[in-house]
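*Asks:* model the following, please.
(chains A, B, C and D)
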2 protein chains.
Amino acid sequence: MTGKLGVSCFGCQTRHTTEWCASSDAELTLLDQVKAPKIMEAGTALFHQGDECGGIYCLNSGLVGIRRLDAAGNSTLLRLAGPGETIGYQSFLLGTAHRATAEIMMPSTVCFIRRQTVRGLLEQNPNLGLRFLRHNVKDAAEFEERHFETISFTVRSRFLNLLMVLYERFGSLNEDGEPVLDLPLSRQDIAALIGSTPETVSRSISKVQDEGLARFKGRKVLLQDIDELMRQLPAS
Amino acid sequence: MTGKLGVSCFGCQTRHTTEWCASSDAELTLLDQVKAPKIMEAGTALFHQGDECGGIYCLNSGLVGIRRLDAAGNSTLLRLAGPGETIGYQSFLLGTAHRATAEIMMPSTVCFIRRQTVRGLLEQNPNLGLRFLRHNVKDAAEFEERHFETISFTVRSRFLNLLMVLYERFGSLNEDGEPVLDLPLSRQDIAALIGSTPETVSRSISKVQDEGLARFKGRKVLLQDIDELMRQLPAS
DNA sequence: CCGCTGCCTTGATAACCATCAAGTGGTGCA
DNA sequence: TGCACCACTTGATGGTTATCAAGGCAGCGG
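*Replies:* Just a heads-up that it's a prediction; the model follows:
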């Protein structure tokens, strides 16, 4: 039983890294039947801040940004979610409206699972809940980490850190074998992620460029001296 | 069946606000038998960063500080845990060593529950896991919030915010009916919590004092103009 | 009583960074 | 082609805050 887009839970590349890895075949079959896999374009949204939580989303491929509106109405990027991540389960579990907007940042394949279905699965399979729990504990630890980082390190360090994280996720080698990266984020969003402003990010970029560590052209990055970049990361 | 110190789960004031509120009488009886309630003095530790996780701790009364060592070996206060909070469950769930130190900040009554016992309870009662999950989702949301706060507000705002939070927890009225507060934290720890330095905290204190909003004498605080203090809090 | 130690305060300085403002460059559209 | 719009860059400035350094003030043991 395959989803409309040829996306079956059984063949899902990311399943084994997600909450669903402990699910039985019967449960996966059920999931396959009720889920709604969709290909979504960058710029669209899975849900908006304030929306009722109708279910959860499982990201098969692509990239999703979690945004929040501040008092002034500006939307601030809080974090990124990649393939294998389940999105929106917090609101589902708390039974509240979504506290953030989930925006597609790169063309993505997403599976939607309705609230009732998840509820049923959770009741049937206690392990599923535990897996969500572990996942969330990790998320929380990451936030703790980032909080710590923001306090203790300069914008430059945080920027380099993000750059290397993005390289690990989206980097590749060009035809000359040099490490390159296509940033999936605007300067504004980079700034939000590291707790800074677009101007300061831009200045950091110029500096890193002047030092010959990397070359930036729009969202294309050529990592000239990746060893030195790594070396300059804050001690993890 | 009462614990050695007269601390029974049945009579626990905080039980209804914790993970354990969904536990059956039988389970509570079991807990009462196996848990190890202890009164601990300020300055002692529940566990240290790097320790094997032997079980989880339930704080009945008092205050616990979660600390982490940075690269330089300084210990940084990350957050506070109050009555009703379960401590150390993250490492338990992830099966890792403790990533932080839990230090008693005020004389506290703490119940210890061994790993095996928790494991058994979790397997028996799926709801318990869900409750932990909800709790953790809230924790993560709080970190998200604080991260956001640290980025967007000045040290002064963050300090006032902490001051009012502490007042809600530990404040009282003196014989003249004035709101007073006994800070359970050193300047150093206050600084860490709001992502600043002792010096800057001290300056903030002086400023607030000059403005006639509050008077500080060591760790004793007299909140002279509590309304104005509230008014100056960042919009929640 | 003295000196010691740890915590807190105060002062001077400079770095870092946000903010405001103006300019650049690319892309789409008429 | 030219215009407009957008994201990005660069410049100038000032504010906030970290850092270094010195002094005050309690508690403690001798």
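*Asks:* what sits against the most centrally placed residue in chain A?
*Replies:* Averaging the C-alpha coordinates of chain A gives a centre point, and the residue nearest to it by Cα atoms, centre = their mean is residue A:81 (1.4 Å). Contacts for residue A:81 (Cβ atoms under 8 Å, 6 or more residues apart in numbering or on different chains) come out as A:59, A:63, A:64, A:65, A:66, A:87, A:102. Where you see a C-beta, it was placed from the backbone N, CA and C, and this is true even at glycine.
*Asks:* identify the residues contacting the residue nearest to it when sequence neighbours are not counted.
*Replies:* By the measure of Cβ to Cβ, 6 or more residues apart in numbering or on different chains, the closest residue to residue A:81 outside its immediate chain neighbours is residue A:64, 4.4 Å from it. Remark: with contacts taken as Cβ under 8 Å, 6+ apart, residue A:64 is in contact with A:46, A:57, A:80-82, A:85, A:87, A:102-105, A:108, A:110.
*Asks:* check residue A:26 too.
*Replies:* The contact partners of residue A:26, by Cβ under 8 Å, 6+ apart, come to none.
*Asks:* and the pLDDT for it?
*Replies:* Confidence per residue is given as pLDDT, and for residue A:26 that number is 70.
*Asks:* quick one: it is in a strand?
*Replies:* No. Assessed with DSSP: H, G, I helix; E, B strand; the rest coil, residue A:26 is helix; it does not lie in a strand.
*Asks:* find the nearest non-adjacent residue to residue A:91, please.
*Replies:* Skipping the residues right next to it in sequence, residue A:91 comes nearest to residue A:53 by Cβ to Cβ, 6+ apart, at 4.0 Å.
*Asks:* I'd assumed residue A:97 was in contact with the one you found.
*Replies:* Yes. With contact defined as Cβ atoms under 8 Å, residue A:53 counts as touching residue A:97 (6.4 Å).
*Asks:* and those two? which has more neighbours close in?
*Replies:* Just comparing residue A:53 and residue A:97: by other Cβ atoms under 10 Å in any protein chain shown the higher neighbour count belongs to residue A:53, 19 against 13.
*Asks:* let me know the pLDDT of that one.
*Replies:* In this model, residue A:53 carries a pLDDT of 96.
*Asks:* setting aside sequence neighbours, what's the nearest residue to residue A:84?
*Replies:* The nearest residue in space to residue A:84 (Cβ to Cβ, 6+ apart) is residue A:14, at 3.4 Å.
*Asks:* correct me, but the one you found touches residue A:83?
*Replies:* Yes. Contact criterion Cβ under 8 Å: residue A:14 and residue A:83 qualify, at 4.9 Å.
*Asks:* what touches both of these two?
*Replies:* Any residue near both residue A:14 and residue A:83 by Cβ under 8 Å, 6+ apart counts here, and that gives A:59, A:60, A:61.
*Asks:* now the second one: closest residue in space that isn't a chain neighbour?
*Replies:* In other words, residue A:60. Nearest-residue entry for residue A:60: residue A:109, 4.0 Å, with adjacent residues in sequence omitted and distances by Cβ to Cβ, 6+ apart.
*Asks:* thought the one you found was touching residue A:39?
*Replies:* Yes. Under the criterion of Cβ under 8 Å, residue A:109 lies in contact with residue A:39, with a separation of 5.4 Å.
*Asks:* what comes up buried for the helix ranked longest in chain A?
*Replies:* Secondary structure assigned by DSSP state H gives helix A:126-152 as the longest helix of chain A. Along helix A:126-152, the positions that meet the burial threshold by neighbour count (16 or more other Cβ atoms under 10 Å in any protein chain shown) are A:126-137, A:139-141, A:143-144, A:146-151.
*Asks:* those residues: which ones sit near DNA strand D?
*Replies:* Subset of the buried residues of helix A:126-152 in contact with DNA strand D: empty, counting by Cβ under 7 Å from any atom of the strand.
*Asks:* before we move on, what SS does residue A:180 have?
*Replies:* When the structure is split into helix, strand and coil by three-state DSSP, residue A:180 lands in strand.
*Asks:* nearest spatial neighbour of it, skipping sequence neighbours?
*Replies:* residue A:174 (4.7 Å).
*Asks:* phi and psi next, for that neighbour.
*Replies:* When quoted as degrees, to the nearest 10, the phi and psi of residue A:174 stand at phi -80, psi -170.
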